[in-house]
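Q: Everything below, folded, please.
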Amino acid sequence: MKLHANAALGPKGRLTMVRRVVDQGWSLTAAAEAAGVSERTCWKWVGRFRVEGPAGLLDRSSAPHRVPHRTTEERVAAITALRKMRLTGADIALAMGMPASTVSGVLMRIGLGKLSRLEPIEPANRYERARRAS
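A: Sure thing, here's the model as predicted:
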């Protein structure tokens, strides 16, 4: 697990803090102060521990569970088709009535952020010197 460099608590420290509150009867304020975090942070970890047990003290992903306004697959396909016709992001945005930033984000996500990505990569131009007959 990769912890943030300035993180006050890792999973072991969280467990120690939570055990102080739950098992040893420490106040939230005292346990938070001993751990070097805010009372609100201590309350959060104690709540997660009470609901989920020790598994609740592990780090979680900050990625959203769902994105309700994500660009639909049909629109992504249309953006891709227009890009393959060599339109710029601004032209695609104008044609589809979408913000240019959204079109740019979609193009970056599908790997067509640059027009040069539409063409196959040229093979390296290699030179060989003719051998001298000796």
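
Q: where's the closest residue to residue 56 other than its chain neighbours, which helix or strand?
A: Closest residue to residue 56 in three dimensions, ignoring its sequence neighbours and counting by CB to CB, 6 or more residues apart in numbering: residue 48, at 3.5 Å. Quick note: C-beta positions are derived from backbone N, CA and C, even for glycine. Assessed by DSSP states H and E, residue 48 sits inside helix 39-52.

Q: by contact count, what packs against that helix?
A: Applying 3 or more CB pairs under 8 Å, 6 or more residues apart in numbering; DSSP states H and E, we find helix 39-52 packed against helix 11-22, helix 28-35.

Q: Would you mark the buried spots in the helix or strand just after that helix?
A: Next in sequence after helix 39-52, counting helices and strands by DSSP H and E, comes helix 73-84. Going by neighbour count (16 or more other CB atoms under 10 Å), the buried part of helix 73-84 is 78, 79, 80, 82, 83.

Q: Do I have it right that the third one meets residue 112?
A: Yes: the pair residue 80 and residue 112 qualifies as a contact (CB atoms under 8 Å) at a distance of 6.9 Å.

Q: residue ranges with poor pLDDT in the protein?
A: In the predicted model, the chain carries pLDDT under 70 at residues 1-5, 134.

Q: For the one residue sitting closest to the centre of it, what are phi and psi?
A: Nearest to the geometric centre of the chain sits residue 63, at 6.0 Å (CA atoms, centre = their mean). When read as degrees, to the nearest 10, the backbone of residue 63 gives phi -70, psi 140.

Q: Perfect, I'm done here.
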